[in-house]
Every structure is written in structure tokens, then in C-alpha cells.
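next one to model:
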Amino acid sequence: MTKVAENVLDHIAIAVPKIEPVLEQYSKLFGAEITLPKIVHEQGIRMAYIHFQNIKIELIEPLNGQSPVAKFLERNPKGAMHHFCAVSSDAEESSKSIKNNKIRVLGEPIEGHHGQKMFFMHPSDTSGILIEVVEDKIEKDDK
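Numbering: from 1, shown residues only. Sure thing, here's the model as predicted:
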């Protein structure tokens, strides 16, 4: 199998019914820097980050009952790990490579809320784990 991402994790996402109590708890437990929640209408979520030195935790809360995260929380009402995110130097090439290796990609790479191209791999093809791949922030021409 061709390598599709760098040996770097960007974040681990946790779906939660409400973001604020978890932000408060993690801030106290770990003294971690947190971001204010922001709405991402395209994905039907509110989200915030908890910054650790070597990785981010992304908290995601559904905006409404039609959000895919709401459906996930129906099965995990207290919250649970939703996905992890690996870094790629080229999302388009990574997506093609994944498809060539017979792993389903959920849609084509799109620009996420952070301005980086991203896509998800189907969890049925990745040991039951939803995996996001996000393009590195460094411009390809700068490498």
C-alpha cells in the first residue's frame, strides 16, 4: 500500500452532546489552551480545539438532529471518539492513492473550515475507525 499521509496526526475528534462542559473539564485537568467554539454550517457542527503540546483534541457538537454527529451520538449518548486526522502533503494525491488501494473515500477532497483540503475514509475499510486526511498548511510551492 502506498503511503497516503505523513507520519503526523493533526487531531483526535471527540463527539460530545455539549462542548462547554468538556472544554472546562479538559482545561482544568490538563491546563491546556482552548479555542472558543465556532459553528461550521457545512458540516452541521459546533467545534472547538483543546491544544496539547503535540496534538489537538477537536470537540464536535451537532448543530441539529440531521447532523451526522447527531446520529453518532444516538449510538454514543455520552460522547466518544469520532475520528482521528492524519496530515498529508497533497490531499488530492492521497485520495487517489487510497481509492487505488480499494479503500472508499467519503466524497472528494474539499476545503475545510480551516482553509485546508480534507476528506474522510470510510470506517468499514479502516478497522471501524473514521479517518480524516487533511492537507498540510504549508503551500506545496514552499516545500
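
what residues of the lengthiest strand in the chain count as buried?
Looking across the chain with DSSP state E, the single longest strand is strand 80-88. Neighbour counts over strand 80-88 (16 or more other C-beta atoms under 10 Å) mark 82, 83, 84, 85, 86, 87, 88 as buried. In this view, the C-beta of every residue, glycine as well, is placed from N, C-alpha and C.

mean confidence score for that strand?
On average, the pLDDT along strand 80-88 is 96.

residues touching residue 115, list them.
residue 137 (C-beta atoms under 8 Å, 6 or more residues apart in numbering).

then residue 129?
Counting by C-beta under 8 Å, 6+ apart, residue 129 has contacts 83, 84, 123.

now tabulate those residues in CSV and tack on distance to residue 26.
What follows is these, written out as CSV (distance: C-beta to C-beta, whole Å):
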residue, distance to residue 26
83, 18
84, 17
123, 25
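
and of these, the nearest to residue 75?
The nearest member of those to residue 75, counting by C-beta to C-beta, is residue 123 at 12.5 Å.

list the contacts for that closest one?
129, 130, 131.

specify the beta-bridge partners of the nearest residue to the second one once chain neighbours are set aside.
With C-beta to C-beta, 6 or more residues apart in numbering as the criterion, residue 130 has its nearest non-adjacent residue at 3.8 Å, and that residue is residue 83. Under the criterion DSSP bridges, residue 83 forms beta bridges with residue 13, residue 130.

so who does residue 83 touch?
Contacts for residue 83 (C-beta under 8 Å, 6+ apart) come out as 12, 13, 120, 129, 130, 131, 132.

now the buried members of these.
12, 13, 120, 130, 131, 132.

the contacts of residue 83: which two are farthest apart?
Every pair of the contacts of residue 83 checked by C-beta to C-beta; the farthest is 12 and 120, at 14.2 Å.

sorry, back to before: as a markdown table, the buried residues of strand 80-88 with distance to residue 31 would be great.
Listed next are the buried residues of strand 80-88 as a markdown table, based on distance: C-beta to C-beta, whole Å:
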| residue | distance to residue 31 |
| --- | --- |
| 82 | 24 |
| 83 | 25 |
| 84 | 23 |
| 85 | 23 |
| 86 | 27 |
| 87 | 25 |
| 88 | 31 |
